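predicted model, plus sequence, below.
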Amino acid sequence: MKPTPIILGIALAGALGQARSESWNQFRGPNGSGVANDAGPPVEPDPARLAWKTALPPGLSSPVLSDGRVFLTGLAKGRLVTIALDKATGEIVWQNQAPKVELEKVHEASHPAAPSALVSGDRIFAYFGSYGLLCYGLDGRERWKKPIPTPRTLYGMSTSPIAHGDLVILVLDNDANLSGSRLSQSKIVAFNQADGNVAWEIPRPFHRSGWSTPVIWNHDRGTELVVLGNGRVSGYDMESGTQKWFVPGFSRETISTLVAGENILFASSSKLGGGADIRVDPLPFWEAVIRFDQNGDGKIERKEMTGHFTFPIRPELPPGHPGFGIPLPDDKRRRQERLDGIFRGTDRNRDGFWSREEFIGNMRGGRGKPLLIAIRPGGRGDITDTHLKWELNRGIPEIPSPLLYDNLVYMVRNGGLLSAVDADNGKLLYRERLNAPGQYSASPVAANGHVYLASNRGVITVVKADRRFEIAHQNDLNDPVFATPAIDKNTLYVRTEKTLRAFRSGK
């Protein structure tokens, strides 16, 4: 039952004013910041500092930490699992199966075990889009489980749970939002940590699927829950549950996590398809499409849309790569219907062809714009013209979240380009190549005066945290990395495609 604002205020009264946890207990650590203060992981995470390496079931969740253990999720022999490892040795202490369910359909580049776990007190929470929410003690004993209908999404669920007071909070945005069913309604849900009962729900009536994890924003005017969703970022009052403010202009597909500073909030999203800059050259997209021109007339007909054809969104990738273009259904009839729609959407003059001019003209609109914005607290309604401190439209990543560290905002994008931005004024200080090209999915993290970056190919680059660009160390793990690393007082934990590795300093 959805509570009234008064009931909601009572349910949250004990949670307001809670000090922010400084442990790496959730996706990207303390409040999703990606920063481990007072930690000293190795600046050179190379084989000489490898404390242990443990083989893991596949998954895309990032490691989270308690005092003595590391927690992840994965898929083992067709079953979703939550895994606990000993921090000191890397030994798997326990591995619990979720209830057996049909796995949600996910994009080839995603995974049914994509959301990261959450540690809160003596409990560990794991969310799977295919099942719902599970709660264990740190010893692995199940406390409770909560089945949740699988939201309909384009790529599969990846938003991770966060904690606030005695609550665990999930954003459950759904592409079936407009169906009229309450079960398919997009919403934010808070569960009591003790028993899994629903404490409150906040409906999000105009939101479709998204992949960002929310944050709690503590500022001098109160505490807000902030969610980056499709098309906009929204701030919710924690006492009433009402939406207080929003900023539109983001793309349909938002992935990165927000970053909260002192009375400032940073939100970022690339253009649809990963465009990092406001001006995108449409020619590479046309060159990717014209490869399918079978009769060599310089145009694309509907009958030429065969094989790996789809509308390209990352033309630098080869056709057939899961990230190359718009995902298409496996079912042959539905696939043909989707291709018919794609063709009609671009063939605006209805002559039965895509010409170069027609295609490029279509590329110039409808994809949103890349955004990194700095938001001041205290706004109401659409705060675009009243509470934005600054806006940047260059070098914006598609998947990795921004990192705020020592008053600089760092962003890493595909191609291995690292940008550093002055957090006070939005001035781009540098945009430099890491000499580690390819795609980037892991978000940057920071500690010990350095920023740690991991490419999908498995190259770890450590950059000095400074207004000038300097690479301190680089190491190729020869094993792909898609998950964001975790940090504790002297260790960097890196999940590769096949393993979890702990690089430890002598501090």
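Right, received. Where do you want to start? Numbers count the residues shown, from 1 in each chain.

burial count for D281?
Using other C-beta atoms under 10 Å, D281 is surrounded by 12 other residues. All C-beta spots, glycine's among them, are computed from the backbone N, C-alpha and C.

and what of P63?
P63, neighbours per other C-beta under 10 Å, totals 24.

once you drop chain neighbours, what's closest to it?
A486 (4.2 Å; C-beta to C-beta, 6 or more residues apart in numbering).

for that neighbour, phi and psi?
Dihedral angles of A486 (phi, psi; degrees, to the nearest 10) stand at phi -120, psi 160.

show me the contacts for it.
24, 29, 62-65, 70, 445, 492-493 (C-beta atoms under 8 Å, 6 or more residues apart in numbering).

quick check, pLDDT for it.
pLDDT for A486: 98.

now it: how far from S66?
To S66, A486 is 11 Å away according to C-beta to C-beta, to the nearest Å.

again with H207
Applying C-beta to C-beta to H207 and S66 gives a distance of 33 Å.

will you turn the contacts of A486 into TSV that also has secondary structure, distance to P370 and pLDDT?
Putting the contacts of A486 into TSV (DSSP: H, G, I helix; E, B strand; the rest coil; distance: C-beta to C-beta, whole Å; pLDDT from 0 to 100) gives the following:
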residue	secondary structure	distance to P370	pLDDT
W24	coil	29	97
G29	coil	25	97
S62	coil	24	98
P63	coil	29	98
V64	strand	29	98
L65	strand	32	98
V70	strand	34	98
V445	strand	22	98
L492	strand	29	98
Y493	strand	31	98
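
just send those residues back as CSV, with distance to D86 too.
Formatted as CSV, these follow (distance: C-beta to C-beta, whole Å):
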residue, distance to D86
W24, 16
G29, 20
S62, 18
P63, 13
V64, 15
L65, 12
V70, 8
V445, 22
L492, 17
Y493, 12
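
re the thing from before, quickly list what the residue nearest to P63 is bridged to.
Y493 (DSSP bridges).

same question, F266
With DSSP bridges as the rule, F266 is bridged to V259, A374.

before we move on, what about I300?
The partner residues for I300, given DSSP bridges, come to W354.

so it touches Q294, yeah?
No - with contact defined as C-beta atoms under 8 Å, I300 does not reach Q294; the gap is 9.3 Å.

dump the residue contacts of E316.
Counting by C-beta under 8 Å, 6+ apart, E316 has contacts 284, 414-415.

re the thing from before, H207 and S66: who's more crowded?
A count of neighbours by other C-beta under 10 Å puts H207 above the other of H207 and S66, at 23 against 20.

okay, that one: pLDDT?
83.

what of the one 4 residues further on?
For W211, the pLDDT comes out at 90.

tally up the residues packed near it, please.
26.

wasn't it part of a strand?
No - looking at W211 with DSSP: H, G, I helix; E, B strand; the rest coil, it is coil, so not inside a strand.

as a markdown table, the contacts of E316 with neighbour count would be great.
Putting the contacts of E316 into a markdown table (neighbours: other C-beta atoms under 10 Å) gives the following:
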| residue | neighbour count |
| --- | --- |
| P284 | 13 |
| N414 | 23 |
| G415 | 15 |
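
please verify my assumption that S130 contacts E104.
Yes - counting by C-beta under 8 Å, S130 does reach E104; the two are 4.4 Å apart.

which one's more surrounded, the two?
The neighbour comparison of S130 against E104 (other C-beta under 10 Å) goes to S130, with 20 against 17.

gap between F309 and F469?
40 Å.

between those two, who's got more neighbours?
The neighbour count for F309 versus F469, taken as other C-beta under 10 Å, is higher for F309 (19 against 16).

element containing K53?
Using DSSP states H and E, K53 maps to strand 50-55.

what residues does that strand touch?
85, 89-92, 491, 498-504.

now pLDDT, secondary structure and distance to N197 too, for those residues, in CSV please.
Output for the contacts of strand 50-55, formatted as CSV (pLDDT from 0 to 100; DSSP: H, G, I helix; E, B strand; the rest coil; distance: C-beta to C-beta, whole Å):
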residue, pLDDT, secondary structure, distance to N197
L85, 98, strand, 30
T89, 98, coil, 37
G90, 98, coil, 36
E91, 98, coil, 35
I92, 98, strand, 31
T491, 98, strand, 36
K498, 95, coil, 39
T499, 98, strand, 38
L500, 98, strand, 33
R501, 98, strand, 39
A502, 98, strand, 37
F503, 98, strand, 41
R504, 97, strand, 41
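
give me the low-pLDDT residue ranges for this structure?
By pLDDT under 70, the low-scoring segments of the chain are 1-21, 177-183, 272-280, 348, 361-368, 507.

how about the helices in it?
Here the chain has its helices, by DSSP state H, at 5-12, 283-290, 332-346, 356-363.

nice, that's everything, thank you.
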